[in-house]
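Enquirer: structure here, sequence nowhere to be found:
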């Protein structure tokens, strides 16, 4: 296996027992850093420090990831065109910010007997926002609500 010394200098290809002896003489650990290469690469270093640096890199990677929020618009089958337009305007703003939007139509009483009214509303919203959004989850009836999920288009 290829051994890298404690100062970062290449000690060459050594048998495992010799590599372990080098690490023991330095008072450090022999850590395998590239197991898939040919020959495998090991480094003489403090293992605790290695684990700490790896976890630090992972934390930094998680910080740089963008968290996608899901915003929600709630409607009813009897929602007027005026209210529908400003709810759609809010959804447009959220989609431009990069958030997903869940559109929920809630049925009360006998409204559940006319699910096609809610389906028309959801299709109209999807059509209005089709320039910046894609339908991630098609409208489906779930109990007394009909849901649709919109996601921003990739640039």
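Expert: Now that the structure is in, tell me what you want to look at. The model shown is predicted, which means the values in this text are computed figures rather than measured ones.
Enquirer: okay, now the sheet partners of the one helix or strand residue 42 maps to, with direction.
Expert: With elements taken from DSSP states H and E, the one containing residue 42 is strand 41-45. According to DSSP bridges, strand 41-45 forms sheet pairs with strand 2-4 (parallel), strand 29-34 (antiparallel).
Enquirer: mean neighbour count, the ones you listed: which tops it?
Expert: Looking across those with neighbours counted as mean count of other C-beta atoms under 10 Å, the highest average goes to strand 2-4: a mean of 20. Quick note: C-beta positions are derived from backbone N, CA and C, even for glycine.
Enquirer: right, and the helix or strand after that strand?
Expert: Using DSSP H and E, the helix or strand that follows strand 2-4 in sequence is strand 10-13.
Enquirer: that next one: which residues count as buried?
Expert: residue 11 (16 or more other C-beta atoms under 10 Å).
Enquirer: need the contact partners of whatever helix or strand comes next after that strand.
Expert: On the C-terminal side of strand 10-13, the closest following helix or strand by DSSP H and E is helix 16-26. Counting by C-beta atoms under 8 Å, 6 or more residues apart in numbering, helix 16-26 makes contact with 1, 3, 5, 6, 11, 14, 29, 30, 42, 44, all of which sit outside it.
Enquirer: give me that answer again for 10 Å
Expert: Counting by C-beta atoms under 10 Å, 6 or more residues apart in numbering, the neighbours of helix 16-26 from elsewhere in the structure are 1-3, 5-7, 11-15, 28-31, 40, 42-47.
Enquirer: the residue lying closest to residue 79 once chain neighbours are set aside: neighbour count?
Expert: Take residue 79 and drop its neighbours on the chain: the residue closest to it by C-beta to C-beta, 6 or more residues apart in numbering is residue 121, 7.0 Å away. Residues contacting residue 121 under the criterion other C-beta atoms under 10 Å number 21.
Enquirer: same check, this time on the one 10 residues further on
Expert: Residues within reach of residue 131, counting by other C-beta under 10 Å, total 9.
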